[in-house]
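Participant: coords below, sequence missing:
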């Protein structure tokens, strides 16, 4: 078999959320490439070489995977969640576009996974059950002005919202600004869900009113979901159900 | 074991995209409830009752599932894709909110699945690799004016976009209007992907420039993805790779 690159989504953490398609690709791989904690989710076995790399080394990691495939290896690039949502798939195609012409003729496939926002939404109920948007709040790779513009337009469109990478230790101020923008544009009782480490033993789901939300409620392992103006809370003995109705009256 | 309702996502079609968590829930179910073609994906076995219902009967189906759970049954409501994305989870919570108080104390869980837009994006490359939105184009449950407002604001925000239910046989004009709005707001070479029946034997992926897109390219089995202004095409011998870079220069 000739070389290939598969970019596979491992889902948010639990092995019960890894698709059989991804498990089969891993079973056939000669090489697994990825960020350290994701590579360590793959059990060692004879014939499999695991290549761990650091966070923020995405393009170097992608080039490494492509070079291995050109040399005939069956490479799986592992990504958390879905590789197409703020994850490794774009990095690999960026490397392909700017790399050697041989790379674009490789067999490159993306295998979808359960992305964090949908795992988080499932735990809360169905907050993304109507039109919604997904925004990466990290300003590593784009200017804050663009993030703020998108936030304001998303509020005007009355989308429910999912925020990835809401708050890094090195730049905590972005999420505080996000809460400020939301407070300007939305009612104080707008529902906000902080979903941390979904499907892992550290999972924590916290449902708040926007007016009670604070920046410290999020960290880099948190996905934040914000309801639309139509999102409802169903009170009950345990944690409430959060859902967005399917219909909007005329 | 007392009654419960699990709302489970079967993914876009292939059994290789059903998570082990969903398979385990189905193996423990006494009753499966859902739209006819989804229920028929579940193999019959002793001890399992399959309840098929028609399309557009979502609330009745949800109430049926809840009543079965109150009677002590272990019910799985099957949904295609992810149940939280334009699917059965919101319908169940709507029924809970407006139903008998006993329903809100039930054990109700949502199990995520691979939603159509992410399966489609994976086939094309990584068109949703940066900020994006998901819009249901059906005007069954909301006014067209709201859909158009969201489309225009999504263009202004320069989101990539995923459209569910782009075109029904009974109301084909909505998608033609959508293409008109996009043509007003986006450059003619904006990338648009028509992904039909992804992961099934009828799968077809068609990458077009917006100016070449026609309403007939979509039907109710199609998910349509529209790139942002930054989305790139990588030309190669086979189908091109489509991806949206992770970064936006300041």
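Facilitator: The structure has been received and is ready for your questions. These numbers were taken from a predicted model, which means no experiment stands behind them. Numbers count the residues shown, from 1 in each chain, chains lettered A, B, ... in the order given.
Participant: quick one: average pLDDT of stretch A:151-161?
Facilitator: Here stretch A:151-161 scores 98 as its mean pLDDT.
Participant: Assign a three-state SS to the closest residue to residue A:128 other than its chain neighbours, would you?
Facilitator: Counting by CB to CB, 6 or more residues apart in numbering or on different chains, residue A:128 lies nearest to residue A:121, which is 4.5 Å off, once chain neighbours are set aside. C-beta: built from backbone N, CA, C; applies to glycine. Per DSSP: H, G, I helix; E, B strand; the rest coil, the secondary structure class of residue A:121 is helix.
Participant: Test my guess that residue A:121 contacts residue A:134.
Facilitator: No: with contact defined as CB atoms under 8 Å, residue A:121 does not reach residue A:134; the gap is 11.0 Å.
Participant: ok, these two, which is more surrounded?
Facilitator: Using other CB atoms under 10 Å in any protein chain shown, the more surrounded residue of residue A:121 and residue A:134 is residue A:121, with 32 against 29.
Participant: so what's that one up against?
Facilitator: A:127-128, A:162, A:225, B:84, B:110, B:112 (CB atoms under 8 Å, 6 or more residues apart in numbering or on different chains).
Participant: make it 7 Å
Facilitator: By CB atoms under 7 Å, 6 or more residues apart in numbering or on different chains, the contact set of residue A:121 is A:127-128, A:225, B:84.
Participant: Over to residue A:52?
Facilitator: A:36, A:39.
Participant: Run through the bridge partners of it.
Facilitator: On the basis of DSSP bridges, residue A:52 is bridged to residue A:34.
Participant: For residue A:246, which non-adjacent residue is spatially closest?
Facilitator: In this structure, residue A:246 finds its nearest non-sequential neighbour in residue B:90, 4.8 Å apart by CB to CB, 6+ apart.
Participant: swap that for residue A:11, please
Facilitator: Closest residue to residue A:11 apart from its sequence neighbours, by CB to CB, 6+ apart: residue A:17 at 3.6 Å.
Participant: Can you report how many residues neighbour that neighbour?
Facilitator: 24.
Participant: same question, residue A:27
Facilitator: Other residues near residue A:27 number 10, with proximity taken as other CB under 10 Å.
Participant: and it, what element?
Facilitator: Secondary structure assigned from DSSP states H and E places residue A:27 in helix A:20-28.
Participant: Name the residues of that helix that come out as buried.
Facilitator: Neighbour-count burial for helix A:20-28, with 16 or more other CB atoms under 10 Å in any protein chain shown as criterion, is recorded at A:21-22, A:25-26.
Participant: and that helix with chain B, contact?
Facilitator: Yes: using CB under 7 Å from any CB of the partner chain, helix A:20-28 reaches chain B at A:20-21.
Participant: which stretches of chain A have low pLDDT?
Facilitator: Residue ranges of chain A with pLDDT under 70: A:1.
Participant: care to break it down by domain?
Facilitator: As assigned by automatic domain parsing, chain A contains the domains A:4-114, A:117-243.
Participant: for whichever strand or helix holds residue A:8, packing partners?
Facilitator: Assigned by DSSP H and E, residue A:8 belongs to strand A:4-9. Packed against strand A:4-9 by the contact rule (3 or more CB pairs under 7 Å, 6 or more residues apart in numbering or on different chains; DSSP states H and E) you find helix A:20-28, helix A:58-70, strand A:74-79, helix A:88-98, strand A:107-111.
Participant: Direction included, what does the shortest one pair against?
Facilitator: By that I understand strand A:107-111. Strand pairing (DSSP bridges) places strand A:107-111 next to strand A:4-9 (parallel).
Participant: Show residues contacting the partner strand.
Facilitator: The contact list for strand A:4-9 (CB under 7 Å, 6+ apart) reads A:22, A:25-26, A:65-66, A:69, A:74-79, A:81-83, A:88-89, A:92, A:106-113.
Participant: Now do it and helix A:58-70, the angle between them.
Facilitator: 140 degrees (axes from the mean of the first three to the mean of the last three CA atoms, to 10 degrees).
Participant: chain center to strand A:4-9: distance?
Facilitator: Averaging C-alpha positions (CA atoms, centre = their mean, to the nearest Å) puts strand A:4-9 16 Å from its chain's average.
Participant: and the angle from it to helix A:88-98?
Facilitator: Counting by the same axes, to 10 degrees, strand A:4-9 lies at 150 degrees to helix A:88-98.
Participant: Give me the buried positions along strand A:4-9.
Facilitator: For strand A:4-9, a neighbour-count test (16+ other CB under 10 Å) marks A:4-9 as buried.
Participant: which of these lies closest to residue A:182?
Facilitator: Checking the buried residues of strand A:4-9 against residue A:182 with CB to CB, the nearest one is residue A:9 at 28.7 Å.
Participant: Setting the sequence-adjacent residues aside, check what's closest to that closest one.
Facilitator: Using CB to CB, 6+ apart, the closest residue to residue A:9 is residue A:113 (2.0 Å).
Participant: for the one you found, what are its contacts?
Facilitator: Taking CB under 7 Å, 6+ apart, we find residue A:113 in contact with A:9-11, A:19, A:22, A:81-83.
Participant: which of the helices and strands packed on strand A:4-9 is buried the deepest?
Facilitator: The highest mean neighbour count among the helices and strands packed on strand A:4-9, using mean count of other CB atoms under 10 Å in any protein chain shown, belongs to strand A:74-79: a mean of 27.
Participant: Check which strands are paired with it and give the direction for each one.
Facilitator: Sheet pairing for strand A:74-79, assigned by DSSP bridges, gives strand A:4-9 (parallel), strand A:31-35 (parallel).
Participant: Format these as JSON lines; extra columns: distance to residue A:139.
Facilitator: Below are these laid out as JSON lines (distance: least, CB to CB, whole Å):
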{"stretch": "strand A:4-9", "distance to residue A:139": "25"}
{"stretch": "strand A:31-35", "distance to residue A:139": "20"}
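Participant: So which residues of chain A form helices?
Facilitator: A:20-28, A:36-39, A:58-70, A:88-98, A:101-104, A:116-124, A:144-157, A:173-185 (DSSP state H).
Participant: how about those helices in JSON lines, adding distance to residue B:33?
Facilitator: Converted to JSON lines, the helices of chain A look like this (distance: least, CB to CB, whole Å):
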{"stretch": "helix A:20-28", "distance to residue B:33": "24"}
{"stretch": "helix A:36-39", "distance to residue B:33": "36"}
{"stretch": "helix A:58-70", "distance to residue B:33": "43"}
{"stretch": "helix A:88-98", "distance to residue B:33": "35"}
{"stretch": "helix A:101-104", "distance to residue B:33": "47"}
{"stretch": "helix A:116-124", "distance to residue B:33": "18"}
{"stretch": "helix A:144-157", "distance to residue B:33": "33"}
{"stretch": "helix A:173-185", "distance to residue B:33": "37"}
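Participant: closest one to residue B:169 among those helices?
Facilitator: Nearest to residue B:169 among the helices of chain A is helix A:144-157 (28.2 Å), distances taken as CB to CB.
Participant: follow-up on the earlier one: tabulate the contacts of residue A:121 (a markdown table), appending distance to residue B:212.
Facilitator: Output for the contacts of residue A:121, formatted as a markdown table (distance: CB to CB, whole Å):
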| residue | distance to residue B:212 |
| --- | --- |
| A:127 | 37 |
| A:128 | 32 |
| A:225 | 36 |
| B:84 | 34 |
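Participant: Looking at the residues you listed, which one is closest to residue B:229?
Facilitator: Proximity of the contacts of residue A:121 to residue B:229 was ranked by CB to CB; the top entry is residue A:128 with 24.7 Å.
Participant: Tally up the residues packed near the nearest residue to residue A:74 once chain neighbours are set aside, please.
Facilitator: Excluding the flanking residues, the one nearest residue A:74 by CB to CB, 6+ apart is residue A:30, at 4.7 Å. Neighbours of residue A:30 under the rule other CB under 10 Å: 16.
Participant: who's in contact with residue A:30?
Facilitator: By CB under 7 Å, 6+ apart, the contact list for residue A:30 reads A:47-49, A:73-74.
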